[in-house]
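J.: When you get a sec, could you give me coordinates for this:
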Amino acid sequence: MAELEGRSLEIVRDGKNYAVVSIPTEDGSVQAVVVWAHVDDNGNVTLNSAEGRAWPANLRKAGKATITMMADGNPYEWTSIRARLVEDTHDGADEDINMLAKKYIDEDVYPWKGPDEIRVKFTLEPEKVTYIKQG
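T.: Sure, this is the predicted structure:
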């Protein structure tokens, strides 16, 4: 496991920095999606989605992803995290999306959840962390 530390940790943990999650697909192409992200107490990156979307299925199949996040206000400062999927759960997923809603849009409850929507929380363990700041 690579340690998420310094500015890489701050970019994921602090502020409203969006994550581009790149996932290999079965046909060899890469699916890239923009999502909210956070870091847990163990230094793992957490992501949240609704069941039924393509990217969670691709993440489950691949078991890995690269998460790239730019620092708010400076696209030339960014971190890239190659990570493996270590947890995939519905337990706590609603609370997790509410925490992310507070972080990103200052709402106590995620406002766009559909009536039958099932949320899923993914935990990814960093294997390689890169930090770049230019300019």
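
J.: which residues of this structure fall in strands?
T.: 19-24, 30-35, 37-39, 45-50, 64-71, 74-89, 119-133 (DSSP state E).

J.: Relative to residue 7, which of those strands is closest?
T.: When those are compared by C-beta to C-beta, strand 119-133 sits nearest residue 7, at 5.6 Å. To be clear about C-beta, it is placed using only N, CA and C from the backbone, and glycine gets the same treatment.

J.: Partner strands of the closest one, with direction?
T.: strand 45-50 (antiparallel), strand 74-89 (antiparallel) (DSSP bridges).

J.: Identify each buried residue in that strand, please.
T.: Within strand 119-133, the residues scored as buried using 16 or more other C-beta atoms under 10 Å are 119, 120, 121, 122, 123, 124, 125, 126, 129, 131.

J.: most neighbours per residue, which of the strands paired with strand 119-133?
T.: strand 45-50 (a mean of 22; mean count of other C-beta atoms under 10 Å).

J.: starting at the chain centroid, how far to that strand?
T.: 6 Å (C-alpha atoms, centre = their mean, to the nearest Å).

J.: Let me see the mean pLDDT of that strand.
T.: Averaged over strand 45-50, pLDDT sits at 98.

J.: which residues touch it?
T.: 4, 12, 19, 21, 35-40, 55-56, 67, 81, 83, 93, 96-97, 100, 113-114, 117-124, 126 (C-beta atoms under 8 Å, 6 or more residues apart in numbering).

J.: I'd like the distance between residue 38 and residue 26.
T.: In this view, residue 38 and residue 26 are 28 Å apart by C-beta to C-beta, to the nearest Å.

J.: and what of residue 123?
T.: 23 Å.

J.: same deal with residue 42?
T.: 30 Å.

J.: Which one of these two is surrounded by more residues?
T.: Higher neighbour count among residue 42 and residue 26: residue 42, with 11 against 8, using other C-beta atoms under 10 Å.

J.: Could I get the contacting residues of the residue nearest to residue 67 when sequence neighbours are not counted?
T.: Spatial nearest neighbour of residue 67, chain neighbours left out: residue 81 (4.5 Å); criterion: C-beta to C-beta, 6 or more residues apart in numbering. By C-beta under 8 Å, 6+ apart, residue 81 lies in contact with 2, 4, 8, 12, 45, 66-69, 124, 126, 128-130.

J.: Many thanks, have a good one.
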